[in-house]
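J.: The sequence isn't on hand, but the structure is:
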(Lines give C-alpha, C1' and ligand atoms only; values in the text may rest on other atoms or scores of the structure.)
Protein backbone atom coordinates (compact mmCIF):
# COMPACT_ATOMS: atom_id res chain seq x y z
CA UNK A 1 0.00 0.00 0.00
CA UNK A 2 1.27 3.48 -0.88
CA UNK A 3 2.14 5.67 2.09
CA UNK A 4 0.43 8.83 0.83
CA UNK A 5 -0.53 9.85 4.37
CA UNK A 6 3.05 9.90 5.62
CA UNK A 7 3.98 13.13 3.84
CA UNK A 8 2.77 16.65 4.43
CA UNK A 9 2.20 17.57 0.78
CA UNK A 10 -0.29 20.39 0.94
CA UNK A 11 0.86 23.48 -0.86
CA UNK A 12 3.28 21.65 -3.17
CA UNK A 13 4.47 24.41 -5.53
CA UNK A 14 4.15 24.08 -9.27
CA UNK A 15 7.46 24.86 -10.94
CA UNK A 16 8.57 24.83 -14.56
CA UNK A 17 12.02 23.31 -15.03
CA UNK A 18 14.62 23.75 -17.72
CA UNK A 19 16.24 20.73 -19.35
CA UNK A 20 19.13 19.06 -17.49
CA UNK A 21 22.61 20.03 -18.60
CA UNK A 22 26.13 18.88 -17.75
CA UNK A 23 27.85 20.66 -14.89
CA UNK A 24 31.49 21.06 -13.94
CA UNK A 25 31.54 20.67 -10.18
CA UNK A 26 35.11 21.84 -9.63
CA UNK A 27 36.16 23.40 -6.35
CA UNK A 28 35.76 26.81 -7.96
CA UNK A 29 32.14 26.12 -8.84
CA UNK A 30 30.95 24.70 -5.53
CA UNK A 31 28.01 26.61 -4.03
CA UNK A 32 28.56 28.61 -0.88
CA UNK A 33 27.07 27.08 2.26
CA UNK A 34 25.73 29.77 4.59
CA UNK A 35 25.71 29.07 8.31
CA UNK A 36 22.77 26.84 9.24
CA UNK A 37 21.88 29.42 11.90
CA UNK A 38 21.14 32.04 9.24
CA UNK A 39 18.77 29.87 7.21
CA UNK A 40 15.16 28.97 7.81
CA UNK A 41 13.33 26.77 5.35
CA UNK A 42 9.66 25.86 5.55
CA UNK A 43 8.16 22.39 5.77
CA UNK A 44 5.61 21.94 2.97
CA UNK A 45 7.36 24.49 0.76
CA UNK A 46 11.11 23.83 0.66
CA UNK A 47 10.90 20.22 1.85
CA UNK A 48 8.35 17.71 3.16
CA UNK A 49 8.27 15.51 6.24
CA UNK A 50 7.10 12.02 7.06
CA UNK A 51 4.87 11.99 10.12
CA UNK A 52 7.08 9.15 11.41
CA UNK A 53 10.55 8.13 10.16
CA UNK A 54 10.40 5.49 7.45
CA UNK A 55 12.82 2.64 6.85
CA UNK A 56 16.00 1.55 8.63
CA UNK A 57 18.27 4.58 8.72
CA UNK A 58 20.86 3.63 11.36
CA UNK A 59 24.38 3.08 10.05
CA UNK A 60 27.49 1.85 11.88
CA UNK A 61 29.47 4.85 10.59
CA UNK A 62 26.79 7.27 11.91
CA UNK A 63 26.40 8.86 8.48
CA UNK A 64 22.98 10.08 7.37
CA UNK A 65 21.63 8.26 4.29
CA UNK A 66 20.44 10.44 1.42
CA UNK A 67 18.36 8.11 -0.76
CA UNK A 68 17.84 9.19 -4.36
CA UNK A 69 14.89 7.56 -6.17
CA UNK A 70 14.97 8.12 -9.93
CA UNK A 71 13.70 6.89 -13.27
CA UNK A 72 15.41 7.06 -16.65
CA UNK A 73 12.19 8.58 -17.99
CA UNK A 74 12.81 11.80 -16.03
CA UNK A 75 13.50 15.29 -17.32
CA UNK A 76 15.30 16.55 -14.19
CA UNK A 77 16.78 13.45 -12.54
CA UNK A 78 20.21 13.93 -14.13
CA UNK A 79 20.52 17.48 -12.77
CA UNK A 80 19.23 16.32 -9.38
CA UNK A 81 21.87 13.57 -9.25
CA UNK A 82 24.57 16.13 -10.10
CA UNK A 83 23.44 18.27 -7.16
CA UNK A 84 23.30 15.31 -4.78
CA UNK A 85 26.70 14.05 -5.91
CA UNK A 86 28.14 17.49 -5.28
CA UNK A 87 26.64 17.63 -1.81
CA UNK A 88 27.88 14.12 -1.00
CA UNK A 89 31.41 15.32 -1.84
CA UNK A 90 31.09 18.48 0.26
CA UNK A 91 29.68 16.56 3.24
CA UNK A 92 31.40 13.20 2.78
CA UNK A 93 31.97 13.07 6.55
CA UNK A 94 28.25 13.44 7.29
CA UNK A 95 26.15 11.76 4.61
CA UNK A 96 26.18 8.83 2.22
CA UNK A 97 24.35 8.98 -1.14
CA UNK A 98 22.36 5.90 -2.17
CA UNK A 99 20.62 5.44 -5.52
CA UNK A 100 17.44 3.48 -6.13
CA UNK A 101 15.29 3.17 -9.25
CA UNK A 102 11.58 3.89 -8.86
CA UNK A 103 9.92 0.62 -9.81
CA UNK A 104 6.50 -0.99 -9.74
CA UNK A 105 5.36 -4.43 -10.84
CA UNK A 106 4.18 -2.87 -14.11
CA UNK A 107 7.25 -0.68 -14.78
CA UNK A 108 10.65 -2.33 -14.31
CA UNK A 109 12.80 -1.02 -17.18
CA UNK A 110 14.89 1.44 -15.17
CA UNK A 111 15.48 -1.01 -12.34
CA UNK A 112 16.62 -3.85 -14.60
CA UNK A 113 19.00 -1.62 -16.54
CA UNK A 114 20.33 0.10 -13.41
CA UNK A 115 21.08 -3.10 -11.50
CA UNK A 116 22.55 -4.78 -14.57
CA UNK A 117 24.95 -1.88 -15.12
CA UNK A 118 25.80 -1.99 -11.41
CA UNK A 119 26.54 -5.74 -11.59
CA UNK A 120 28.80 -5.07 -14.57
CA UNK A 121 30.62 -2.39 -12.51
CA UNK A 122 29.54 0.20 -15.06
CA UNK A 123 27.78 2.57 -12.65
CA UNK A 124 29.07 5.60 -14.54
CA UNK A 125 27.06 4.50 -17.58
CA UNK A 126 23.88 4.76 -15.50
CA UNK A 127 24.51 8.49 -15.09
CA UNK A 128 25.29 8.81 -18.79
CA UNK A 129 22.01 7.07 -19.62
CA UNK A 130 20.14 9.24 -17.12
CA UNK A 131 21.43 12.32 -18.91
CA UNK A 132 20.68 11.00 -22.40
CA UNK A 133 17.14 9.92 -21.56
CA UNK A 134 16.29 13.28 -19.99
CA UNK A 135 15.13 13.99 -23.54
CA UNK A 136 11.73 12.31 -23.92
CA UNK A 137 12.29 11.19 -27.50
CA UNK A 138 15.63 9.63 -26.55
CA UNK A 139 14.03 7.76 -23.63
CA UNK A 140 11.31 6.36 -25.89
CA UNK A 141 14.01 5.17 -28.26
CA UNK A 142 16.24 3.59 -25.62
CA UNK A 143 13.35 2.01 -23.73
CA UNK A 144 13.25 -0.78 -26.32
CA UNK A 145 15.42 -3.81 -25.56
CA UNK A 146 16.98 -3.81 -29.02
CA UNK A 147 18.09 -0.16 -28.77
CA UNK A 148 19.36 -0.38 -25.19
CA UNK A 149 21.43 -3.44 -26.15
CA UNK A 150 22.90 -1.51 -29.07
CA UNK A 151 23.59 1.40 -26.69
CA UNK A 152 25.47 -0.70 -24.11
CA UNK A 153 27.45 -2.39 -26.87
CA UNK A 154 28.44 1.01 -28.27
CA UNK A 155 29.60 1.95 -24.75
CA UNK A 156 31.98 -1.01 -24.69
CA UNK A 157 29.95 -3.61 -22.80
CA UNK A 158 29.42 -7.18 -23.93
CA UNK A 159 25.83 -7.48 -25.15
CA UNK A 160 25.50 -11.20 -24.42
CA UNK A 161 26.83 -10.70 -20.89
CA UNK A 162 24.41 -7.80 -20.35
CA UNK A 163 21.46 -9.99 -21.37
CA UNK A 164 22.64 -12.86 -19.17
CA UNK A 165 22.93 -10.69 -16.08
CA UNK A 166 19.70 -8.77 -16.81
CA UNK A 167 17.79 -12.06 -16.84
CA UNK A 168 19.51 -13.49 -13.76
CA UNK A 169 17.94 -14.38 -10.43
CA UNK A 170 20.12 -11.80 -8.69
CA UNK A 171 18.72 -8.93 -10.79
CA UNK A 172 15.16 -10.20 -10.31
CA UNK A 173 15.64 -10.20 -6.54
CA UNK A 174 17.07 -6.66 -6.58
CA UNK A 175 14.14 -5.45 -8.66
CA UNK A 176 11.70 -7.03 -6.20
CA UNK A 177 13.51 -5.30 -3.34
CA UNK A 178 13.31 -1.98 -5.22
CA UNK A 179 9.55 -2.44 -5.60
CA UNK A 180 9.31 -2.88 -1.82
CA UNK A 181 11.39 0.27 -1.21
CA UNK A 182 9.30 2.30 -3.67
CA UNK A 183 6.19 1.29 -1.77
CA UNK A 184 7.71 1.60 1.70
CA UNK A 185 8.80 5.19 1.11
CA UNK A 186 5.60 6.11 -0.72
CA UNK A 187 7.49 7.33 -3.78
CA UNK A 188 4.90 9.06 -5.96
CA UNK A 189 7.13 11.13 -8.24
CA UNK A 190 10.74 11.43 -9.36
CA UNK A 191 13.24 12.62 -8.52
CA UNK A 192 12.38 11.78 -4.91
CA UNK A 193 15.02 12.15 -2.22
CA UNK A 194 14.69 10.86 1.35
CA UNK A 195 17.06 12.34 3.96
CA UNK A 196 17.56 10.25 7.06
CA UNK A 197 14.21 8.52 6.62
CA UNK A 198 12.43 11.69 7.80
CA UNK A 199 12.58 14.45 5.18
CA UNK A 200 11.77 14.45 1.46
CA UNK A 201 12.88 16.62 -1.46
CA UNK A 202 11.25 16.56 -4.88
CA UNK A 203 11.80 18.38 -8.19
CA UNK A 204 10.34 21.55 -6.66
CA UNK A 205 13.59 21.88 -4.65
CA UNK A 206 16.14 19.99 -6.76
CA UNK A 207 16.56 22.49 -9.58
CA UNK A 208 19.18 24.99 -8.39
CA UNK A 209 22.63 24.20 -7.00
CA UNK A 210 22.86 26.83 -4.27
CA UNK A 211 19.25 26.50 -3.12
CA UNK A 212 19.17 22.70 -3.20
CA UNK A 213 22.47 22.29 -1.36
CA UNK A 214 21.41 24.85 1.27
CA UNK A 215 18.16 22.95 1.93
CA UNK A 216 20.04 19.66 2.11
CA UNK A 217 22.51 21.10 4.60
CA UNK A 218 19.69 22.59 6.66
CA UNK A 219 17.96 19.20 6.93
CA UNK A 220 21.17 17.31 7.69
CA UNK A 221 21.90 19.79 10.48
CA UNK A 222 18.37 19.30 11.84
CA UNK A 223 18.86 15.55 11.93
CA UNK A 224 22.24 15.90 13.64
CA UNK A 225 20.51 17.94 16.35
CA UNK A 226 17.87 15.25 16.74
CA UNK A 227 15.08 17.25 15.05
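T.: Cool, got the structure. Bear in mind the structure is a predicted one, so any value in this text is a computation, not a measurement. Residues are numbered from 1 along each chain as shown.
J.: all helices of this structure, in order?
T.: 77-90, 109-119, 123-132, 136-142, 145-154, 159-166, 169-184, 209-224 (DSSP state H).
J.: do you know which of those helices lies nearest residue 196?
T.: Among the helices of the chain, helix 209-224 comes nearest to residue 196, with 4.5 Å by C-beta to C-beta. For glycine as for every other residue, the C-beta is placed from the backbone atoms N, C-alpha and C.
J.: Output the contacting helices and strands for the closest one.
T.: strand 64-70, helix 77-90, strand 192-195, strand 199-202 (3 or more C-beta pairs under 8 Å, 6 or more residues apart in numbering; DSSP states H and E).
J.: which residues touch residue 127?
T.: 78, 81 (C-beta atoms under 8 Å, 6 or more residues apart in numbering).
J.: per-residue confidence at it?
T.: Model confidence at residue 127, expressed as pLDDT, equals 96.
J.: so which of the helices and strands packed on helix 209-224 gets nearest residue 107?
T.: Closest approach to residue 107 among the helices and strands packed on helix 209-224 (C-beta to C-beta): strand 64-70, 12.9 Å.
J.: And residue 48, how far from residue 201?
T.: Per C-beta to C-beta, to the nearest Å, residue 48 is found 8 Å from residue 201.
J.: Compare those two and say which is more crowded by neighbours.
T.: residue 201 (24 against 20; other C-beta atoms under 10 Å).
J.: What pLDDT is listed against the residue located most distally from the centre of the chain?
T.: Computed with C-alpha atoms, centre = their mean, the residue of the chain farthest from its C-alpha average is residue 160, at 28.5 Å. At residue 160, the pLDDT value in this model is 97.
J.: Next: the one 10 residues further on.
T.: Residue 170 carries a pLDDT value of 98.
J.: neighbours around it, how many?
T.: 11.
J.: If we ignore the residues flanking it in sequence, what's nearest it?
T.: In space, and not counting its chain neighbours, residue 170 is closest to residue 119: 6.9 Å by C-beta to C-beta, 6 or more residues apart in numbering.
J.: doesn't residue 171 make contact with the one you found?
T.: Yes. The criterion here is C-beta atoms under 8 Å, and residue 119 meets it with residue 171 at 6.9 Å.
J.: Could you tell me which residues touch both of those two?
T.: residue 165.
J.: where's the spatially closest residue to residue 175 that is not a sequence neighbour relative to residue 126, distance?
T.: Leaving out its chain neighbours, the residue that sits closest to residue 175 by C-beta to C-beta, 6+ apart is residue 111, at 4.6 Å. Between residue 111 and residue 126 the distance is 11 Å, computed by C-beta to C-beta.
J.: same thing with residue 104?
T.: 19 Å.
J.: buried ones in stretch 104-114?
T.: 108, 109, 110, 111, 112, 113, 114 (16 or more other C-beta atoms under 10 Å).
J.: tell me the centre residue of this structure?
T.: Note: the chain centre (C-alpha atoms, centre = their mean) maps to residue 68, 2.5 Å.
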